[in-house]
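Enquirer: Turn this into a structure:
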Amino acid sequence: MSLYSVKEKEPEKYIYFIRTGLVINKKAGKAAKRNKIKRRLRMLIRDNILNPDNIGYYYIIIAHKNIVQASYKSLQKDLIVCFNKIKKPQLRYLQLYYLR
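Expert: Numbers count the residues shown, from 1 in each chain. As a prediction, this is how the structure comes out:
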């Protein structure tokens, strides 16, 4: 999983929103598997990421093909770690790989 963040040009315009994008490659599987991954990631974003500290950025999550085998708990843990690390001003990109 890769996580990118981009600073919002007009953060006061989107004061009540956290804008995220999900990208899943076709190598991750057929449409049913890709949709399952998207549903998991959306729930993780709703449950863990919605706080005032994250406002003012676009977040782009890119799921790689090995994410299919990852459990919900491991995805949750890794996504929280990514968001905590990416809050540092010099770091705006973080990449995690799920190995078999």
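Enquirer: okay, CA-based contacts and neighbour counts for the rest of this
Expert: Will do.
Enquirer: which residues does the spatially most central residue of the chain bridge with?
Expert: The residue lying closest to the centre of the chain (CA atoms, centre = their mean) is I61, at 3.7 Å. Under DSSP bridges, the beta-bridge partners of I61 are L3, L22.
Enquirer: For it, which residues are in contact?
Expert: M1, S2, L3, Y4, T20, G21, L22, V23 (CA atoms under 8 Å, 6 or more residues apart in numbering).
Enquirer: Redo those residues as JSON lines? Include neighbour count, pLDDT and distance to F83.
Expert: Formatted as JSON lines, those follow (neighbours: other CA atoms under 10 Å; pLDDT from 0 to 100; distance: CA to CA, whole Å):
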{"residue": "M1", "neighbour count": "20", "pLDDT": "78", "distance to F83": "12"}
{"residue": "S2", "neighbour count": "16", "pLDDT": "80", "distance to F83": "11"}
{"residue": "L3", "neighbour count": "20", "pLDDT": "82", "distance to F83": "8"}
{"residue": "Y4", "neighbour count": "20", "pLDDT": "82", "distance to F83": "10"}
{"residue": "T20", "neighbour count": "14", "pLDDT": "85", "distance to F83": "12"}
{"residue": "G21", "neighbour count": "12", "pLDDT": "89", "distance to F83": "14"}
{"residue": "L22", "neighbour count": "14", "pLDDT": "91", "distance to F83": "15"}
{"residue": "V23", "neighbour count": "15", "pLDDT": "91", "distance to F83": "17"}
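Enquirer: what's the most distant pair in those residues?
Expert: M1 and T20 (14.3 Å; CA to CA).
Enquirer: what's the pLDDT at the residue nearest to the centre of the chain?
Expert: pLDDT, I61: 88.
Enquirer: so where is this structure shaky, pLDDT-wise?
Expert: Scanning the chain with the threshold set as pLDDT under 70 gives 11-12, 14-16, 52-53, 87-100.
Enquirer: now the strands for it?
Expert: Along the chain, the stretches classed as strands by DSSP state E are 2-7, 19-24, 57-63, 93-95.
Enquirer: Tell me the buried residues in stretch 54-68?
Expert: 54-65, 67 (16 or more other CA atoms under 10 Å).
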